[in-house]
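Q: Predicted structure and sequence below. I'll ask about it afterward.
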Amino acid sequence: MGNANYFAVPVLLGALSAVPVTASADCVVLLHGLARTAGAMRHLIEPFEAEGHKVINVDYPSRKHTVEKLAPLAVKALGYDKCGATERVHFVTHSMGGILLRYYLQHNKIPTLGRVVMLAPPNQGSQVVDNLKSVPGYKLINGPAGMQLGTDAQSIPMQLGAVDFELGVIAGTKTFNPILSQFLPNPDDGKVSVAHTRVDGMSDFITLPVTHTFMMKSKAVIEQAVHFIKSGRFLRDQ
């Protein structure tokens with residue numbers, strides 16, 4: 001998400017197959033979103049380490065390649081390959097990071113895969129891309145992968161099937177970007193609509209009043225992510 005913005009626009013913007021897991025899983029891989037860096041996910045490191053997890057905070061060049069090239073790099077080479085060979089591997093992703101993981105898992109297996117939490121994933125693409133990818137400078141800022149996150153025939157998310165791993169999705173309902181929100185069905189987080197974060201096969205789903213850009217810093221989001229990795233479900237009021 002470039003300069004703290006996903007889908008940055010120069011003119012307008014400033015049955016589960018997962019390995020059974022216990023409460024103390026071994027390794028958590030963090031995958032940031034489009035045009036962001038590992039720094040965007042840094043707030044999740046300490047809470048997962050406090051649970052006894054090893055944390056791999058991946059930094060990958062999200063604007064330089066297509067989803068097809070980024071997926072094996074971010075998910076495997078820079079991701080779970082850094083975990084121990086026998087350690088169970090969990091993922092927490094933001095935005096496009098979730099699409100990279102879905103793409104990788106559709107073509108590959110992770111034998112020790114545990115649970116996955118996706119924060120604001122464009123699982124059914126985003127209409128923001130549909131409307132703005134022809135704007136001069138959009139591809140320059142967002143790169144080849146940024147062109148693949150719409151809802152049209154070239155959309156990578158729309159080409160992916162149902163998930164067959166243990167997945168919890170957290171969607172945001174707050175936006176401070178009315179310009180981008182005008183392209184999205186309400187409710188939305190300013191970059192992706194709540195409806196388009198959903199995916200067939202997910203295990204749990206929750207919405208929180210957070211924005212797409214900053215939800216990784218939210219204590220409520222982090223608490224929910226940690227709880228899902230531990231238990232396979234989100235916290236809810238009794």
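A: That came in fine, so what should we check first? Worth saying up front: this structure is predicted, and the values here are computed from it rather than measured. Residues are numbered from 1 along each chain as shown.
Q: Next one: C27 from V192, what distance?
A: 27 Å (C-beta to C-beta, to the nearest Å). Every C-beta, even on glycine, is put in place using the N, C-alpha and C of the backbone.
Q: That should have said S62, apologies.
A: S62 sits 16 Å away from V192, going by C-beta to C-beta.
Q: pLDDT below threshold where in the protein?
A: 1-25, 238 (pLDDT under 70).
Q: Am I right that R36 is in a helix?
A: No. R36: not assigned to a helix; according to DSSP: H, G, I helix; E, B strand; the rest coil it is coil.
Q: Isn't it up against Y60?
A: No. Applying C-beta atoms under 8 Å, one finds R36 not in contact with Y60, separated by 9.8 Å.
Q: These two: which is more packed in?
A: Counted by other C-beta atoms under 10 Å, R36 and Y60 do not tie: R36 has more neighbours, with 26 against 22.
Q: thinking again about what came up before, so C27 and V192 - more neighbours on which side?
A: Applying other C-beta under 10 Å to C27 and V192 shows that V192 carries more neighbours, namely 28 against 21.
Q: That one reaches F183, doesn't it?
A: No. Contact criterion C-beta under 8 Å: V192 and F183 do not qualify, at 10.6 Å.
Q: Let me see the ranges of the helices in the chain.
A: Applying DSSP state H to the chain gives helices spanning 45-50, 67-71, 96-107, 127-132, 138-146, 178-181, 219-231.
Q: nearest to A120, of those?
A: Across the helices of the chain, A120 has its closest neighbour in helix 96-107 (8.2 Å, C-beta to C-beta).
Q: what packs against that closest one?
A: strand 27-31, helix 67-71, strand 89-94, strand 113-119 (3 or more C-beta pairs under 8 Å, 6 or more residues apart in numbering; DSSP states H and E).
Q: In that helix, which residues are buried?
A: If you call a residue buried by 16 or more other C-beta atoms under 10 Å, then helix 96-107 has these buried ones: M96, G97, G98, I99, L100, L101, R102, Y103, Y104, L105.
Q: So the last one sits against L167, correct?
A: So that's L105. No. Taking C-beta under 8 Å as the definition, L105 is not a contact partner of L167, at 10.1 Å.
Q: With adjacent residues omitted, what lies nearest to T173?
A: Once flanking residues are discounted, T173 sits nearest to P187: 4.4 Å by C-beta to C-beta, 6 or more residues apart in numbering.
Q: so what's the one you found up against?
A: Neighbour list for P187: T173, S193, V194, T207 [criterion: C-beta atoms under 8 Å, 6 or more residues apart in numbering].
Q: Same question for C83.
A: Neighbour list for C83: D26, C27, V29, K54, I56, V89, T112 [criterion: C-beta under 8 Å, 6+ apart].
Q: what pairs with the fifth one across the strands?
A: Partner residues in beta bridges with I56, using DSSP bridges, are V29.
Q: which residues do V192 and F183 both contact?
A: Shared contacts of V192 and F183, defined by C-beta under 8 Å, 6+ apart, comprise V128.
Q: Narrow the contacts of P187 to those in strands?
A: With strands taken from DSSP state E, the overlap with these comprises T207.
Q: By neighbour count, which of the contacts of P187 wins?
A: S193 (24 neighbours).
Q: ok, it to T175 distance?
A: Distance of S193 to T175, given as C-beta to C-beta: 10 Å.
Q: Is it correct that G201 is in contact with G168?
A: No. The pair G201 and G168 does not pass the contact test of C-beta under 8 Å, sitting 11.7 Å apart.
Q: quick revisit: how about the helices of the chain, which one is nearest V163?
A: Nearest of the helices of the chain to V163, taken as C-beta to C-beta: helix 96-107 at 6.6 Å.
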